[in-house]
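J.: model the following, please.
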Amino acid sequence: MKINYSCVVAASIILFFTGACRNKGGETTENANYKFVANDTIELSEESNLIGKLETATVTLSTYAASIKTTGVITPIPTQYAEIAAPLPGRTVKSHIRIGQTVRKGSPLFDIASSEYSEIAKSYAQSRSEMQQAERALNRVKDLYNNHVASSKELEEAQTAFNIAKEEFNHSVAVAREYQINTESLTVGQPMTVRSPVDGKVLKNEIVIGEYLKEDAEAKVIVANLDKVWLKANISEKEAPLVGDVNSVDIRTVANGDSVLHGTIVYVGGMLDPETRTLQTIIECDNSKGKLMPNMYADLTLYIAERESIVIPKEAVLQSGEGRYVLRKVGERRYCKTYVTVQTAGEGGLLVLDGLKAGDEIVTKGAFYLIDNQ
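T.: Predicted structure coming up:
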């Protein structure tokens, strides 16, 4: 664990430190209670009346199970969610669904009459027919060639014609797939049937018979499987190192009162958000009872597995413009400022995430007598 040490450069604003000053040249400065020594370390004099007001303790490791409290937003799992719009411009002629209906992948949702769809169907049917004809012609020439009736030039020409026809057919298949058209049911002169790409429940159905849908129109149907959902949470920078040791997650929502659901972490971001300084974490939760809905807010408690940790009293930690720090004893009556990263650890305690190690001796009481005066 890396420790950043910066010597205490301050004196108390209360009576004990009244009138104190320090030479800018870095020389030792003293008064009845203390003096600044090399590297701006503060040393109390033997007669200082502050000695009896400071209490110290040696930092030790103890078994502690930390937890992280944060909030999250419930979202569908992306692979189980679909917003379906018309892939081609056309007029809706039929709806196969109702709101709240459960559908399977491939189930028909709505039909549209589209001139572009008709052109695609026509092109597909024509290219398939031409390829089949070219294939039959090629097989015929092969038989003639094997019986020494057709020349090698005729065979090459038949093979070339088949290759061209096959390329045209493959192109028409690719175009159909681009617009999510099932070529097995493609029929010239019939409306296009738009089908569900996922299993799930119809959460939105805004199909209006007779409405003309443009190609860039917003989704008219939403289908999602909400048997499992995701909760996207942002973990603070100081707590991010703990996420890897989370062994369980409790989930609470306003809508569900005191009911507690449970989840597991399925993804931890690889980098911090540069603006919020947080780490995105995704938690998956069973939702077979339908208690969680997309866009709900949830309170999350992430429980960390027990491990050897350092817990110190809140009174030991001071605050400066550069961050939180403790006073670490570095010699007889000498103290240095040590910056720490901490997290609340129950009543009266702080869990040290970074900055101290076992064996360090710190001021646990009276630290406020030595405050930053730079």
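
J.: any idea how far C285 is from V223?
T.: V223 sits 20 Å away from C285, going by CB to CB, to the nearest Å. Placement of C-beta: from N, CA and C, glycine included.

J.: the two: which has the busier surroundings?
T.: Per other CB atoms under 10 Å, whichever of V223 and C285 has more neighbours is V223, with 29 against 21.

J.: for that one, give me the pLDDT.
T.: pLDDT, V223: 98.

J.: check whether it really touches R195, as I assumed.
T.: No: judged on CB atoms under 8 Å, V223 makes no contact with R195 at a distance of 10.2 Å.

J.: between these two, what contacts are shared?
T.: Here V223 and R195 have L109 as joint contacts, going by CB atoms under 8 Å, 6 or more residues apart in numbering.

J.: for the residue nearest to L155 when sequence neighbours are not counted, give me its contacts.
T.: Distances taken as CB to CB, 6 or more residues apart in numbering put Y145 closest to L155, at 4.8 Å, once the chain neighbours are dropped. Counting by CB under 8 Å, 6+ apart, Y145 makes contact with S151, S152, E154, L155.

J.: domain assignment for the chain?
T.: Taking automatic domain parsing as the reference, the chain has its domains at 4-63+313-369, 67-77+225-305, 82-112+194-223, 115-190.

J.: returning to what we had before: kindly indicate the member of the contacts of Y145 with the most neighbours.
T.: Neighbour max across the contacts of Y145 (other CB under 10 Å) = L155, 16 neighbours.

J.: could you measure from that residue over to A86?
T.: Taking CB to CB, one finds L155 at 47 Å from A86.

J.: check L353 too.
T.: Distance from L353 to A86, by CB to CB: 53 Å.

J.: same question for D360.
T.: Taking CB to CB, one finds D360 at 67 Å from A86.

J.: report the contact partners of R277.
T.: S236, E237.

J.: meant to ask about R307, not that
T.: Applying CB under 8 Å, 6+ apart, the residues near R307 are T63, Y64, A65, D245.

J.: tell me who's in contact with the last one.
T.: Meaning D245. I304, A305, R307.

J.: go with 6 Å
T.: Counting by CB atoms under 6 Å, 6 or more residues apart in numbering, D245 touches I304, A305.

J.: begin at 58 from here
T.: Taking 58 as the first residue, the last one we looked at is D302.

J.: what are the phi and psi values at it?
T.: phi -110, psi 10 (degrees, to the nearest 10).

J.: just to revisit the earlier point, who wins on neighbours among the contacts of R364?
T.: In the contacts of R364, the most neighbours by other CB under 10 Å go to Y121, 16 neighbours.

J.: for L299, see how far away it is.
T.: Taken as CB to CB, the span from Y121 to L299 is 11 Å.

J.: still on that earlier bit, could I get the buried residue list for the helix or strand hosting the residue nearest to L212?
T.: Y202 belongs to helix 172-203 when elements are defined using DSSP states H and E. Buried residues in helix 172-203, counting neighbours by 16 or more other CB atoms under 10 Å, are found at 174-175, 177-178, 180-181, 184-185, 187-188, 191, 194-195, 198, 202.

J.: show me how far it is from its chain's centre.
T.: 50 Å (CA atoms, centre = their mean, to the nearest Å).

J.: downstream neighbour of the helix or strand containing C393 in the secondary structure list?
T.: C393 belongs to strand 391-396 when assigned by DSSP H and E. Scanning forward in sequence from strand 391-396 by DSSP H and E, the next helix or strand is strand 398-401.
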